[in-house]
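**Student:** Could you work out the structure for the sequence below:
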Amino acid sequence: MAGDYVRNIRVFIAQHLNPEASALAFAKEVRGQVIDMQRANELPARYRRFVDGREGAEFETVKPGGSIALEASYNSEILAFALAFLFQRSPTGPMPTSGHRLYTRPFRESFWVSFDGNYIRPGMLNLNNVPAGPMEILIGNLQPYARKLDAQRIGKRTLHFNKPEGLYADAAKAVNDSFGNVVQAKRVYDINFPDKYKLKQTQMRTGARAHNVKRWAGAYVESPALLIKPR
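**Tutor:** Numbering: from 1, shown residues only. This is a model prediction of the structure:
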């Protein structure tokens, strides 16, 4: 689940209780429902609690006739799930590319993330500081061969990696299967980001069109990504 939501829990308290006892019974009932929701994966371990409008106050401090509201963000849970899937499906081995050190690390250590355009380089993400609220999440990989690994084809020629093709499409399906009630994920064919790799030399076509330029030096390589948007 992604974004924020406020959940109001309604309980029915015995009418014969005095106001103070009724408030304590209300607090106990809400606390029990929170435990049940977490067991059912309907509420994450981290959430914001507002008791009579006071954030972080204990359940039992609710006043007679007061209110308890829970506000939770599932962005960090979705990101952790998506990154774990992508990591598991990433090829092993360094597969180095000459040039900047950013492009010589293993593929599974090269995933970047952005929140509504706020780009975070590989290794810099802190899941405890993921922004709350509905937002667009992108996950990509800065390695120059990211598209080749995803499609595992160049024209009609098949490429061979030690993991199956369709990395981002399969990741999107996994996210939709687990969190599809509140987010929608899909594979994006090509995405721009600050560290996107540029070709070092001009690429020429082969065969009958060998005299034609395919891509000029300095052009960006194609780079797919996983896009996750709130419903």
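
**Student:** for this protein, which helix is longest?
**Tutor:** helix 19-39 (DSSP state H).

**Student:** Could you look up the SS state of the residue most central in space within the chain?
**Tutor:** The structure's the chain has its C-alpha centroid closest to L79; by C-alpha atoms, centre = their mean the separation is 2.8 Å. What DSSP: H, G, I helix; E, B strand; the rest coil gives for L79 is helix.

**Student:** And for M124?
**Tutor:** Counting by three-state DSSP, the backbone at M124 sits in coil.

**Student:** Can you point out the buried residues in stretch 41-48?
**Tutor:** By neighbour count on 16 or more other C-beta atoms under 10 Å, the buried set for stretch 41-48 is 43, 47. To be clear about C-beta, it is placed using only N, CA and C from the backbone, and glycine gets the same treatment.

**Student:** Send me it as PDB with only the CA atoms.
**Tutor:** The C-alpha trace of stretch 41-48 is given here as PDB (Å, rounded to 0.1, in the frame of the first residue of the first chain):
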ATOM      1  CA  ASN A  41      -0.800  -6.900   7.100                       C
ATOM      2  CA  GLU A  42      -3.400  -4.100   7.000                       C
ATOM      3  CA  LEU A  43      -1.200  -1.700   9.000                       C
ATOM      4  CA  PRO A  44       2.600  -1.400   8.900                       C
ATOM      5  CA  ALA A  45       4.800  -1.600  12.000                       C
ATOM      6  CA  ARG A  46       5.500   2.100  11.800                       C
ATOM      7  CA  TYR A  47       2.600   4.500  11.900                       C
ATOM      8  CA  ARG A  48       1.600   7.800  13.400                       C
END
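
**Student:** okay, now G65: neighbour count?
**Tutor:** Neighbours of G65 under the rule other C-beta atoms under 10 Å: 10.

**Student:** does S114 sit in a helix or strand, and which one?
**Tutor:** Assigned by DSSP states H and E, S114 falls within strand 111-115.

**Student:** any idea how far that strand is from the chain center?
**Tutor:** In terms of C-alpha atoms, centre = their mean, to the nearest Å, the centre of strand 111-115 is set 8 Å apart from its chain centre.

**Student:** cool, stretch 107-123 as well?
**Tutor:** Centre to centre, stretch against its chain (C-alpha atoms, centre = their mean), the figure for stretch 107-123 is 10 Å.

**Student:** before we move on, the earlier item: how much space between the residue nearest to the centre of the chain and I139?
**Tutor:** Using C-beta to C-beta, to the nearest Å, we find L79 at a distance of 8 Å from I139.

**Student:** any common contacting residues for those two?
**Tutor:** When contacts are counted by C-beta atoms under 8 Å, 6 or more residues apart in numbering, L79 and I139 are jointly contacted by V113.

**Student:** Alright, I will stop here.
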